[in-house]
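Participant: Give me coordinates for this.
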Amino acid sequence: MVQFPRLPAAEILGGDPTIWESSASTIGSSRGGRPIRGLHAGSGGFQISLIGGCHADEPVGPAMLDRLASHLVTLPRNHELLRDCTWRIVPHVNPDGEARNRVWTSKRVDTHDCLGSPDHGYDLPTYLEHVARELPGDDIEFGFPRPGETPTAGLRTENVAVAEFLAEGAPIRVHGSFHGMGLAPGPWFLLEASWTDRTSALRARLAARVAEMGYRLFDAERHGEKGFHRIAPGFATRPDSTAMREFFKARGERDEAAKFRPSSMEFARAHGPDPLTFVSEMPLFLTPSLGGDLVEHHQLQELRNRLQEATARGAESLTQVQAELEISPMPIRDQMVLQLAFLDEALAAVLASEPVHLNRAQPEHTPKEGGH
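Facilitator: Predicted coordinates for the structure are as follows:
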């Protein structure tokens, strides 16, 4: 069985996150005119696409992808990860959203990672006061073109740029979209539904890694709402645009339902031979006191409402509620370690599921200028 070397998390996360920028291409621009940068690295036949920042209030995925992209461009060209793979990475698909949220993402608090090393997290009061997120219709994750659709028809410029960049890398074998949650008891991992029977080893190893790091999985029950079907503790199927539309139609909100286009995962599925798509959901803030092993969605909403009410009453009230509920920032490095572990396991799952021919040359495609 073909295997790739495991991604060296400590080396990746300890490097300079800006190195990749000199090897990147400008693939488009945001609504606000900010450049969207993508990295095309490697020349192998195993095609991997990775994106981050679709939601404006989820900064850790882009931070991890900056570091992963920088690691890849420092590798020798004959390294297995470049010789056997082709990577298309867009760390920041939503630079306007990143800029709007910088007022809270730039404020860090001191904490320690799972190994006891100094790290940072985000400040809850600043987050609650300034967090900003796009509404349906402006949601980049659910804004990709439908099969056969004119690429620019009603799409955000960000979606056009990213869709064209990723499509050039077809056939896609693995696609990851790195997301986050505001508050949750622990990490949550979302998988392509059709890969459920082929990811048992992935789930076992990733669950063990979470436990080794001292965290609790977020075991959520959404009863299929919006495409979230629970697979196992801490794992569910990824959301789906069809299920999203059905959810809002059932509530009589047909205009809202019409705003949902395919997600990046559905777009990747249309550009590959049964690719494994996945979504990482890392909490910015841990809520260990959230009752029970299996968390119902309404419990999180009630928690958010309580925090909003406390915020409205003032800093003293919020501090009291935060202490009462034992809410603490999840160390940023630990979030990134688990994102990399998820990617590692996804690559291993695809290679283990079927024979993969690693074509080490792609004569039909010439990288854009600036690609590695």
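
Participant: And for Leu166, the neighbour number?
Facilitator: Burial measure for Leu166: 25 neighbouring residues, criterion other CB atoms under 10 Å. In this view, the C-beta of every residue, glycine as well, is placed from N, C-alpha and C.

Participant: Hmm, Thr86 and it touching each other?
Facilitator: No: at 11.5 Å, Leu166 does not count as touching Thr86 under the criterion of CB atoms under 8 Å.

Participant: so where's this structure uncertain?
Facilitator: Counting by pLDDT under 70, the chain has low-confidence residues at 1-2, 151, 291-292, 354-372.

Participant: Going along the chain, name the helices of it.
Facilitator: Along the chain, counting by DSSP state H, helices occupy 9-13, 60-74, 80-83, 95-100, 102-105, 124-130, 157-167, 200-212, 241-250, 254-257, 264-269, 297-313, 315-324, 332-353.

Participant: As a markdown table, those helices with distance to Ser49 would be great.
Facilitator: As requested, the helices of the chain are arranged in a markdown table below (distance: least, CB to CB, whole Å):
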| stretch | distance to Ser49 |
| --- | --- |
| helix 9-13 | 18 |
| helix 60-74 | 11 |
| helix 80-83 | 15 |
| helix 95-100 | 19 |
| helix 102-105 | 25 |
| helix 124-130 | 29 |
| helix 157-167 | 5 |
| helix 200-212 | 18 |
| helix 241-250 | 18 |
| helix 254-257 | 27 |
| helix 264-269 | 6 |
| helix 297-313 | 29 |
| helix 315-324 | 38 |
| helix 332-353 | 11 |
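
Participant: what's the closest of these to Pro136?
Facilitator: Among those, helix 254-257 comes nearest to Pro136, with 6.0 Å by CB to CB.

Participant: Which elements pack onto the closest one?
Facilitator: Under the contact criterion of 3 or more CB pairs under 8 Å, 6 or more residues apart in numbering; DSSP states H and E, the helices and strands touching helix 254-257 comprise helix 241-250.

Participant: elements contacting the helix it packs on?
Facilitator: Applying 3+ CB pairs under 8 Å, 6+ apart, one finds that helix 241-250 makes contact with helix 254-257.

Participant: The helices of the chain: which one's closest to Leu115?
Facilitator: Using CB to CB as the criterion, the shortest distance between Leu115 and the helices of the chain is 8.9 Å, found for helix 332-353.

Participant: Determine the angle, from 0 to 180 degrees, between that closest one and helix 200-212.
Facilitator: Regarding helix 332-353 and helix 200-212, their directions subtend 160 degrees when assessed with axes from the mean of the first three to the mean of the last three CA atoms, to 10 degrees.

Participant: can you state the direction angle for helix 332-353 and helix 60-74?
Facilitator: Computed by the same axes, to 10 degrees, the angle between helix 332-353 and helix 60-74 is 70 degrees.

Participant: in helix 332-353, what counts as buried?
Facilitator: Residues 332-351 are the ones in helix 332-353 that count as buried (16 or more other CB atoms under 10 Å).

Participant: Same question for stretch 284-295.
Facilitator: For stretch 284-295, a neighbour-count test (16+ other CB under 10 Å) marks 284-287, 290, 295 as buried.

Participant: wait, isn't Leu347 in contact with Pro5?
Facilitator: No: using CB under 8 Å, Leu347 makes no contact with Pro5, being 10.1 Å away.

Participant: which residue packs closest to Thr86, ignoring adjacent ones?
Facilitator: Distances taken as CB to CB, 6 or more residues apart in numbering place Gly42 nearest to Thr86, at 4.6 Å, with adjacent residues excluded.

Participant: typo on my end, Gly224
Facilitator: Leaving aside its sequence neighbours, Gly224 is closest to Ala243 (7.3 Å, by CB to CB, 6+ apart).

Participant: Cheers, nothing more for now.
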